[in-house]
Each structure stands twice: as C-alpha cells, then as structure tokens.
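Colleague: model the following, please.
(one chain, ligands or ions: 1)
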Amino acid sequence: MTADRRSLILIEDDLVLGESLVQRLTLEGIRTHWASSVKEGEALLRQHRPGLIVCDIRLPDGSGEELLTRLMPEIGGTPIIVVTAFGDVAQAVRLLRAGADDYVEKPFPAQLLIDKLAAFASWTPPSDPPVNGAGWSSPAMQTLNRQLQKLGAVETSVLLSGESGAGKEVAARRLHDLGPRAAAPFLGVNCSAIPTELFESQVFGHERGAFTGATERRAGLAEQAGAGTLFLDEVAELGPQSQAKLLRLLQERRFTRLGGHEELELRARIVAASNAELRKRVADGRFREDLYYRLAVVELSLPPLRERPEDLGQLAAHFLGHFATALGRDEPEISAAAFDALLAHHWPGNVRELRNRIERAMVLGEGARLEPADLFPEHRAREAPPLSLSDARDAAERQHIRQILARSGNRINEAAQMLGISRTTMWERMRRLGIKE
Ligand SMILES: Nc1ncnc2c1ncn2[C@@H]1O[C@H](COP(=O)(O)OP(=O)(O)OP(=O)(O)O)[C@@H](O)[C@H]1O
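Modeller: Below is the predicted model:
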C-alpha cells in the first residue's frame, strides 16, 4: 500500500473535538479518516496508509496505546502523534519511548496537527500566499519584501522576529522561493512543539535500533531538506541541550544520525523565527548568546497586523477566495460596516486571527455578504441589552420546564408532578412562557 501523504487517520472519541478537527483539516485539503473507538480505528489502520496517525489514548473500548503497539508491524514507518491528557508528561514520554513520534496535549488547536502533518510528511499547507506576497502592500511590508529579495540570493543567516501569526513562516518561505534553493524542499520544525528528547531525532534522524521503537532508519529534517531550507520556528523555546546541538550544527555544518557514525554535511540553509522573547531570553541567560548571533546575522522584524491596516483589504480578499474555493461556493463580499470593524480591531492574533475569523464566518454563514457580527460574533453578545431579573427568571423557568416535559415524553400531568406544581399552574406557566404543548 503506498502512503497518501496528504491524509490523516484520527482516532478520537471526543465528538466535538473530532468534528471540528475533521472540518478544519478537510478545509485544508487533508483527507481525514476519523474513528472514535479502538475497533473502528483498527479497521481504518488496516485499510489506509496515511501521512500521519493521530491517536487518543483513552478510548471507550480500550487503549490507543495497546492498539498502536499491536498494529506496529502494519503501521511501519508512518509517523504517530498521540493525544494525551493535559499535564500527563510521564505518559507522553512513555509513549514516545514505545514508538510514537510526538504527542499533543488536550486541548490543542487544529493548526498544530496541520503543522505537524506538514513537517512529518514534507508537505506544505495550501494556505500560503501567492509568490507576489498577498497583503504586503503597506510600506513596512514592501520594505521587508525588498530585503527578503536581496537575502534570498545570499547565504546569510536570517532571524525573523515578530508576534505570533504575523507571517514569519510566510516570510521564511518567500526567502526560500526567491533564491536559488527554490526547487529544493522547504521544511519547517516548530521547536516549541517538540520535547527535548525528540528534537535530535527529528532534526538529525536516527539509525535503526538507536532507541526503543526505532524500527527503521529515518532521515532527519536536516537531511531531508537537502539543498533547501530548514525553518526553525519558535527557536526561543529550545532547551539548553538542543541549543548546544543546534550551535554545533551551524558551526560545523556537519551532523550524524542518532546511533550512527557516518558524518553528513548540512547543505540546507537554516532560517529561524521567534517572537520578541528571544532577546529577553538571551539577556536572562536562558538562550545562548553565541547561538543567537549565529542565527541572527540579519534580523528582520515583521510588524503586527494592527500597525499595517493598508494590508487588511488584500489579505481579507485572499482568504475569502481561498475558503470560497475550499468550500465550493461563491465568494462573499465584505460589507462596509464589516470592513470598518476589521480596521477597528486590535488583531492580537495577527494574520492568523484574520484567517480564522474569515474561515469561521464562511463556514457558519451562508449569505452573500459578511457583516460585522459574522466576523466578530463576540460583539453581538456584548451588545445585547442585559436581561432584567424577571426576564432572566422566565428564561431559566422556560428552559427547565422544557427539559422536564421532554423527560416525561410531553405528558403534562407527569411533568407537573415532577415539578411539584398542579396541572392548572402548569398550563398557566406554559401559556405565559410561550411553551407549546
Ligand atoms: N501575507 C499572507 N498571505 C496569506 N496568508 C498569510 C499571510 N501572512 C500570514 N498568513 C497566514 O497566517 C497564518 C500565520 O502565518 P505564519 O505561520 O507565517 O505566522 P508566524 O508569525 O510564523 O506565526 P507563529 O509565530 O505562531 O508560528 C498562516 O495560516 C499563514 O498562511
């Protein structure tokens, strides 16, 4: 069976989480097969060879860990991410030793899975902007674009800094696309999503038998990237051990796979990204100064979206077009009031937040025009006038009576008895509260 690298098997019994993940992953063009029990999961694992397996550990009919261990011979080298309860690091480490490639703690956003699938399967999420830099019309971004053009042609180390979601990865990809490395792979690794013990095996790869669970030799990202680019996102999050390993890689431009002896040459360009934390960490002694200077020969900063409102129109148009295609429907327009609301917003989550707001509005709304409430539903709740005490009491009573009626199979006598009121009072309340029989 050949692997379908743009597909994923999700074994997760939480229906709300499962549904939202399937919806989001499908929008990204990832074929997602979803099972909610060990039994269904086993059937899927025997039928498909996906790019990534994501498996919850506690399932209604057994343990995900047992399922994965049992089917390991069939699963072969397919990367596995296990879903663990928040804070259960001991369990996560045990699973990593037993052959899982990574873990995520609940709750986690769908984007985390998209990024991991992209990293493991050397695949690029489809949301990248066209090469001409969608939404980079503001003066600040045009300057940045010119700098990226110049830097694309040379080998200098570049550190991209800026708030989360501002587009650091998009800029790194542009640096790659604009230079002589464009035809080679662009591979990203999120340093904060990888536990220290896995960083080495992810980046340098491992030989067969290097540790329990290493059933096959696997090339690391430094090797897979070839003459392309290895993008280290959230580099500030690396622990001291991984920082030392990375420094060696940058200084010597050589590395060995875990458990191996053969020295391999690093041909890829390393581009790193971080939020403002990095300098602070250097000052506090939590990030090696020598590594910082190696990574940041040139430091480019991406301004937050709130500081470049000129970009909003083009970016919004880009996402409207992207999701209209993904959802197979016409592209809605943005009303003037909605556009004013976009301009007034502070954008703490930057371009990612804009993308998510447009995606949500388009998935939930059907109209040909997006209004402020579609993009900012939280304002609707804030703007609603507060309920008076008697209205709040009526609303609670209405809800409770409806519940009891449903429980009694709509038998009024029985419901009245359960509520401890007479049949006449029950009729009177139902009439006053507008509850139909
Ligand atoms: N100019 C752009 N055109 C289209 N999409 C964009 C643009 N800038 C950012 N995005 C989208 O916004 C999201 C966040 O961008 P990106 O991952 O590059 O940000 P980041 O600064 O690297 O964030 P983080 O620090 O959280 O990793 C992505 O989905 C990306 O595709």
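Colleague: what's the neighbour count on residue 434?
Modeller: When neighbours are counted by other Cβ atoms under 10 Å, residue 434 registers 8. From N, CA and C alone the C-beta is placed, and that goes for glycine too.
Colleague: quick check: closest non-adjacent residue to it.
Modeller: If the residues on either side of it in the chain are set aside, residue 434 comes closest to residue 398, at 7.5 Å by Cβ to Cβ, 6 or more residues apart in numbering.
Colleague: now for the one you found: which residues touch it?
Modeller: Counting by Cβ atoms under 8 Å, 6 or more residues apart in numbering, residue 398 touches 433-435.
Colleague: could you dump the residues you listed to a markdown table with distance to residue 70, pLDDT and secondary structure?
Modeller: Converted to a markdown table, those look like this (distance: Cβ to Cβ, whole Å; pLDDT from 0 to 100; DSSP: H, G, I helix; E, B strand; the rest coil):
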| residue | distance to residue 70 | pLDDT | secondary structure |
| --- | --- | --- | --- |
| 433 | 55 | 86 | helix |
| 434 | 56 | 83 | coil |
| 435 | 53 | 81 | coil |
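Colleague: tell me the one among those nearest to residue 375.
Modeller: residue 434 (32.2 Å; Cβ to Cβ).
Colleague: OK, contacts around the residue minimising distance to the centre of the chain?
Modeller: In the chain, the centroid-proximal residue (Cα atoms, centre = their mean) is residue 111; its distance is 1.3 Å. Applying Cβ under 8 Å, 6+ apart to residue 111 gives the contacts 24, 352.
Colleague: would you tell me what helix or strand it is located in?
Modeller: In the assignment (DSSP states H and E), residue 111 maps to helix 110-120.
Colleague: what residues sit buried inside that helix?
Modeller: By neighbour count with 16 or more other Cβ atoms under 10 Å, helix 110-120 contains the buried residues 110-111, 113-120.
Colleague: dump those into CSV; add pLDDT and distance to residue 271 as well.
Modeller: What follows is the buried residues of helix 110-120, written out as CSV (pLDDT from 0 to 100; distance: Cβ to Cβ, whole Å):
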residue, pLDDT, distance to residue 271
110, 78, 25
111, 78, 20
113, 81, 23
114, 80, 20
115, 78, 16
116, 79, 19
117, 76, 21
118, 75, 16
119, 74, 15
120, 74, 20
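Colleague: re the thing from before, could you measure from the residue nearest to the centre of the chain over to the ligand?
Modeller: Relative to the ligand, residue 111 is positioned 7 Å away (Cβ to the nearest ligand atom, to the nearest Å).
Colleague: immediately after the helix or strand encompassing residue 67, which helix or strand?
Modeller: Secondary-structure assignment from DSSP H and E places residue 67 in helix 64-75. Per DSSP H and E, helix 64-75 leads on to strand 80-84 as the next helix or strand towards the C-terminus.
Colleague: could you point out which element follows that next one?
Modeller: Going down the chain from strand 80-84, the next helix or strand is helix 89-97, by DSSP H and E.
Colleague: next, the angle from that next one to strand 80-84.
Modeller: Using axes from the mean of the first three to the mean of the last three Cα atoms, to 10 degrees, the inter-axis angle of helix 89-97 relative to strand 80-84 is 170 degrees.
Colleague: pLDDT of helix 89-97, averaged?
Modeller: In this model, helix 89-97 has a mean pLDDT of 78.
Colleague: stretch 350-367 now?
Modeller: The average pLDDT for stretch 350-367 rounds to 87.
Colleague: quick check: buried residues in that stretch?
Modeller: So for stretch 350-367, counting by 16+ other Cβ under 10 Å, buried means 350-359, 361-362, 365.
Colleague: can you give me the angle the helix holding residue 67 makes with helix 89-97?
Modeller: Computed with the same axes, to 10 degrees, the direction of helix 64-75 lies at 10 degrees from that of helix 89-97.
Colleague: so where's the stretch 51-200 of the chain uncertain?
Modeller: In the predicted model, the stretch 51-200 of the chain carries pLDDT under 70 at residues 121-134, 193-194, 197.
Colleague: kind regards, and thank you for your time.
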